[in-house]
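Colleague: pasting the sequence and the predicted model now:
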Amino acid sequence: MSNFSSQLRLSSSLLKHLKHQINATSSTTSASAAAMMFERRSFTTTEGSRPTIVHKRSIDILHDPWFNKGTAFSMTERDRLDLRGLLPPTVMSSQQQIERFMVDLKRLEVQARDGPSDPNALAKWRILNRLHDRNETMYYKVLIENIEEYAPIVYTPTVGLVCQNYSGLFRRPRGMYFSAEDRGEMMSMVYNWPADQVDMIVVTDGSRILGLGDLGVQGIGITIGKLDLYVAAAGINPQRVLPVMIDVGTNNERLLKDPLYLGLQEHRLDGEEYISVVDEFMEAVFTRWPHVIVQFEDFQSKWAFNLLQRYRNTYRMFNDDVQGTAGVAIAGLLGAVRAQGKPMIDFPKQKIVVAGAGSAGIGVVNAARKTMARMLGNTESAFESASSQFWVVDANGLITEERTNIDPQALPFARKAKEVGHQGLREGASLVEVVQQIKPDVLLGLSAVGGLFSKEVLEALKGSTSTRPAIFAMSNPTKNAECTPEEAFSVLGDQLIFASGSPFNDVKFGDGVIGHCNQGNNMYLFPGIGLGTLLSGSRIISDGMLQAAAECLAAYMKDDEVLKGIIYPSISSIRDITKEVAAAVVKEAIEEDLAEGYRDMDARELKKLDMEEIKTYVKNNMWEPRYPTLVYRKE
């Protein structure tokens, strides 16, 4: 009976359904067994908990990273799969394997460097990549158990270095490549991928990788890194993820002349030719996998917005740079309000200067405006009031209505010339001038320009009307951060709220006083958005689902932590954060009547779950890196 009471809280309708099953099976079935039967049917997947059928044996198994266990194969499996004699005789546990690997990794970190210019981070990436190539289960177990240390290796900032050098680092193909030369063939090409089920695709065209610019086909490194986090943080089955590169050429002259470059050595397609390639790709993947979720990653601004609007109401897709970055920033901005000792409902009063008007910058401003407007009642006047809280500065200075050839995405945030004149500003005013005159509560950097928040800009922020001004230096990788925490805290003192996109160490002032450096990384949100969409079976990813994710992250931190200046949680708790975010997304999808269910949990039963039951449902559908029992069967 303890199993029954501790595992589930069943709604009355589900109990009736369960009772019917019990009566049909056996009148003597225990309540404990009934609860277990219910859990298997509706709350769990069977991945990793039942034998896996394989159609290969012997050396073929050892060369397959999806099924290889190395020295962890039991003697029974070695006999069953013709492995006896192909492995050392000692059978090791997965934990022993990890301990052996970690000792080896620490020893090899320095030795694996390609000369003094090769940083340790890239050496670590190489070693982890080799493990990924030979044993996926162990790779993800290592990643999950050491996520705080290795997330910066498989994702930002090291992934930027990997992408820059990917042609030289390429050893084993991972993912799929759809190129301009494949036009007309993509519908058949997609069936070359071996998995019959794919839950998550991350796709890039390599045109704007992090803040590093056009890296062409080498940008596939970012999609691989993102999907590693989908597996580690969200528990998406690694056999159901697919990294994709759409290679439409590159405008990077260095790559066009590099004889070792692996992509198409021609200038990028543009206009309708470009769109037709992406259209064909989308039609192909959704034809084979109708329920897949596609995350667009690191597309240059002009295509990021265009493609998002083109597909978002037709396909299950989102753009992480536009929507994920925005959600993480919103969570941080709401946290900054809480850190001032104010309620989050005071957010519409914040004055925010934004440096950067690309896809990420405008994506954040749009999301922040919507959040403010919703808090003010979602009326037309509420949107006008919210718009007036932002001053957007790009490479040409403050954006006003006097700007010629203004980007349509930035137009809603262009300040009126007369208004800025009263504020002592003008079209094209510098960032320093804007900060001096506006005295903002928040300085938000999404410019990809390292060091943009100079000492002069930071000194200007000392005039902020806020008791605890906030700086968000969100550009990645590390070298593109608008300023470092040391630079910011040295000018503004320990009352500053600081967040960055890449990881930095906290700043110690002495006497136990710490300037907390918060990493406002997209990995807090995109895994939960993807998982929540998958488990809800939502037809699309709505603004409401994205908003629910951001608000969940904002509320995750406890008040005493926020008042210390800690506005984002520790990366070490990423799986719990993802579970909470995914549950919030599922709940919102249900409330918007978008949820169509997932596997045995149909839309009707989803609607009957309370929030705790949704969290249980999410947690039990997160893949764990455990070796399954393998059973051979001829095809």
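Modeller: Sure, I can see it.
Colleague: quick one: the helices in the stretch 301-450 of the chain, in order.
Modeller: 301-311, 325-339, 359-375, 380-387, 417-422, 431-438 (DSSP state H, counting those that start in this stretch).
Colleague: what does stretch 298-312 contact?
Modeller: Contacts with stretch 298-312, where a contact means Cβ atoms under 8 Å, 6 or more residues apart in numbering, come from 204-210, 214, 219, 222, 274-275, 278, 282, 296, 317-319, 321-323, 358-359, 362-363, 407, 409, 540-541. C-beta here means a position set from N, CA and C on the backbone, and glycine is covered the same way.
Colleague: which one of the helices of the stretch 301-450 of the chain lies closest to residue 230?
Modeller: helix 325-339 (15.8 Å; Cβ to Cβ).
Colleague: check residue 510 and give its pLDDT.
Modeller: Note for residue 510: predicted pLDDT of 84.
Colleague: now swap in residue 85 and tell me
Modeller: Residue 85 is assigned 93 on the pLDDT scale.
Colleague: now the longest strand belonging to the chain: average pLDDT?
Modeller: Criterion DSSP state E: the longest strand present in the chain is strand 241-247. Regarding strand 241-247, the rounded mean pLDDT is 97.
Colleague: so which elements touch it?
Modeller: Under the contact criterion of 3 or more Cβ pairs under 8 Å, 6 or more residues apart in numbering; DSSP states H and E, strand 241-247 touches strand 176-179, strand 200-204, helix 220-234, helix 271-288.
Colleague: related to what we said a few turns ago, right, so the helices of the stretch 301-450 of the chain: which one is the most enclosed?
Modeller: Stretch with highest mean neighbour count among these: helix 325-339 (a mean of 27; mean count of other Cβ atoms under 10 Å).
Colleague: what about residue 559, how many neighbours?
Modeller: 10 (other Cβ atoms under 10 Å).
Colleague: oops, could you answer that again for residue 168 instead?
Modeller: When neighbours are defined as other Cβ under 10 Å, residue 168 has 12 of them.
Colleague: list the residues that contact it.
Modeller: Contacts of residue 168 (Cβ under 8 Å, 6+ apart): residue 260.
Colleague: flag the shaky bits of the stretch 51-200 of the chain, pLDDT-wise.
Modeller: Flagging of the stretch 51-200 of the chain using pLDDT under 70 yields the residue ranges 108-119.
Colleague: cutoff 50 now
Modeller: Scanning the stretch 51-200 of the chain for pLDDT under 50 picks out 114-118.
Colleague: related to what we said a few turns ago, looking at the helices and strands packed on strand 241-247, which is closest to residue 330?
Modeller: helix 220-234 (19.2 Å).
Colleague: so that closest one versus strand 200-204, what angle?
Modeller: Angle, helix 220-234 to strand 200-204, by axes from the mean of the first three to the mean of the last three Cα atoms, to 10 degrees: 150 degrees.
Colleague: so what's the gap between helix 220-234 and the chain middle?
Modeller: 8 Å (Cα atoms, centre = their mean, to the nearest Å).
Colleague: repeat for stretch 426-435
Modeller: 33 Å.
Colleague: CA atoms only for that stretch, dumped as CSV, please.
Modeller: Extracted as CSV, the C-alpha positions of stretch 426-435 are listed here (Å, rounded to 0.1, in the frame of the first residue of the first chain):
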residue,chain,number,x,y,z
ARG,A,426,18.9,62.8,-30.8
GLU,A,427,18.9,60.3,-33.6
GLY,A,428,22.2,58.3,-33.5
ALA,A,429,23.1,59.4,-29.9
SER,A,430,25.9,57.2,-28.5
LEU,A,431,25.3,54.6,-25.8
VAL,A,432,27.1,56.7,-23.3
GLU,A,433,24.9,59.7,-24.0
VAL,A,434,21.7,57.5,-23.7
VAL,A,435,22.8,56.0,-20.4
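Colleague: who are the contact partners of the nearest residue to residue 550 once chain neighbours are set aside?
Modeller: Spatially, and ignoring its direct neighbours in sequence, residue 550 is nearest to residue 327 (3.9 Å; Cβ to Cβ, 6 or more residues apart in numbering). Listed by Cβ under 8 Å, 6+ apart, the contact set of residue 327 reads 367, 525, 529, 546, 547, 549, 550, 553.
Colleague: any figure for the gap between residue 327 and residue 205?
Modeller: 23 Å (Cβ to Cβ, to the nearest Å).
Colleague: cool, and residue 482?
Modeller: Distance, residue 482 to residue 205, by Cβ to Cβ: 26 Å.
Colleague: also residue 149?
Modeller: Going from residue 149 to residue 205 by Cβ to Cβ gives 31 Å.
Colleague: same check on residue 365?
Modeller: Residue 365 is 24 Å from residue 205, by Cβ to Cβ.
Colleague: before we move on, the earlier item: what pairs with the longest strand of the chain, parallel or antiparallel?
Modeller: As defined by DSSP bridges, the strand partners of strand 241-247 come to strand 176-179 (parallel), strand 200-204 (parallel).
Colleague: pull out the buried residues from it.
Modeller: Using 16 or more other Cβ atoms under 10 Å as the test for burial, strand 241-247 gives 241, 242, 243, 244, 245, 246, 247.
Colleague: and the angle for that strand with helix 271-288?
Modeller: Interaxial angle of strand 241-247 relative to helix 271-288 (the same axes, to 10 degrees): 160 degrees.
Colleague: how many other residues sit next to residue 191?
Modeller: Residue 191 sits with 11 neighbouring residues when counted by other Cβ under 10 Å.
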